[in-house]
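>>> heads up, no residue letters with this:
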């Protein structure tokens, strides 16, 4: 069974631009969660989608948004990029919602650099 | 608010030695507790998790963790470390009840000497 895939793996943008990251979950998984990992703030939860609905949301500004499609693939969008948005963005999928009760499988991440 | 503290930023052990990584959490009710490992350039992999029941949890790769409510701790242990265990280890806590928003510790970097 293929793992979680994230595209692109690396991305360089400039301040003020917007970016869209993509995540394809493991086949059969309906929950997708997104995380931001930075040296300064560590790992932080962004949001979780299940069956195309956002179930949980972390403490991030509205510039960070996401969506999930009917095939469970998910995208996250960051608008008006800031230097502080430079990070590794991780996607995780699980079969059930509420990742705490079901094992989450992580993708390798997308490394975003904002110049 | 829930929080997680991993007091050790780096730990160095010799191959074959035992390992204990510390994790302390702050949460009002019984939390969901997790340990993840992250190798360079990789995403996170779940080692083990605790929700309820037996306080000694067995995980993958020979790891185990013990939940101690009185100490608010969930330390990770391994009796004999292999060079391939060198990685970053993260402890996390989450609330239950369907509102799953995990909080991660800052991580402990494990260095294994031959």
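Done, it's in. Here the structure is a predicted model, which is why all the values come from computation and not from measurement.

>>> okay, and for chain B, where does confidence drop off?
B:28, B:96-99 (pLDDT under 70).

>>> got the contact list for the residue lying closest to residue A:14 once chain neighbours are set aside?
Excluding the flanking residues, the one nearest residue A:14 by Cβ to Cβ, 6 or more residues apart in numbering or on different chains is residue A:115, at 5.2 Å. Every residue, glycine included, has its C-beta placed from N, CA and C. Contact analysis of residue A:115 by Cβ atoms under 8 Å, 6 or more residues apart in numbering or on different chains lists A:12, A:13, A:14, A:15, A:83.

>>> Any chance of JSON lines for these, columns secondary structure, pLDDT and distance to residue B:39?
Converted to JSON lines, the contacts of residue A:115 look like this (DSSP: H, G, I helix; E, B strand; the rest coil; pLDDT from 0 to 100; distance: Cβ to Cβ, whole Å):
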{"residue": "A:12", "secondary structure": "strand", "pLDDT": "98", "distance to residue B:39": "24"}
{"residue": "A:13", "secondary structure": "strand", "pLDDT": "98", "distance to residue B:39": "27"}
{"residue": "A:14", "secondary structure": "coil", "pLDDT": "98", "distance to residue B:39": "31"}
{"residue": "A:15", "secondary structure": "coil", "pLDDT": "98", "distance to residue B:39": "31"}
{"residue": "A:83", "secondary structure": "helix", "pLDDT": "97", "distance to residue B:39": "27"}
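
>>> got a winner among those for most neighbours?
When neighbours are taken as other Cβ atoms under 10 Å in any protein chain shown, the top entry among these is residue A:13 (16 neighbours).

>>> For that residue, list the residues it contacts.
A:19, A:81, A:112, A:113, A:114, A:115.

>>> ok, now how distant is residue B:59 from chain A?
11 Å (Cβ to the nearest Cβ, to the nearest Å).

>>> Residue A:64 contacts residue A:80, doesn't it?
No: counting by Cβ atoms under 8 Å, residue A:64 does not reach residue A:80; the two are 10.5 Å apart.

>>> And these two? Which one has more around it.
The residue with more neighbours, out of residue A:64 and residue A:80, is residue A:64; 18 against 11, by other Cβ under 10 Å.

>>> what's the nearest residue to residue B:2 if we skip its chain neighbours?
residue B:27 (4.4 Å).

>>> List the residues that contact the closest residue to residue B:40 other than its chain neighbours.
Among residues not flanking residue B:40 along the chain, residue B:87 sits closest, at 7.7 Å (Cβ to Cβ, 6+ apart). Going by Cβ under 8 Å, 6+ apart, residue B:87 touches B:37, B:38, B:39, B:40, B:109, B:110.
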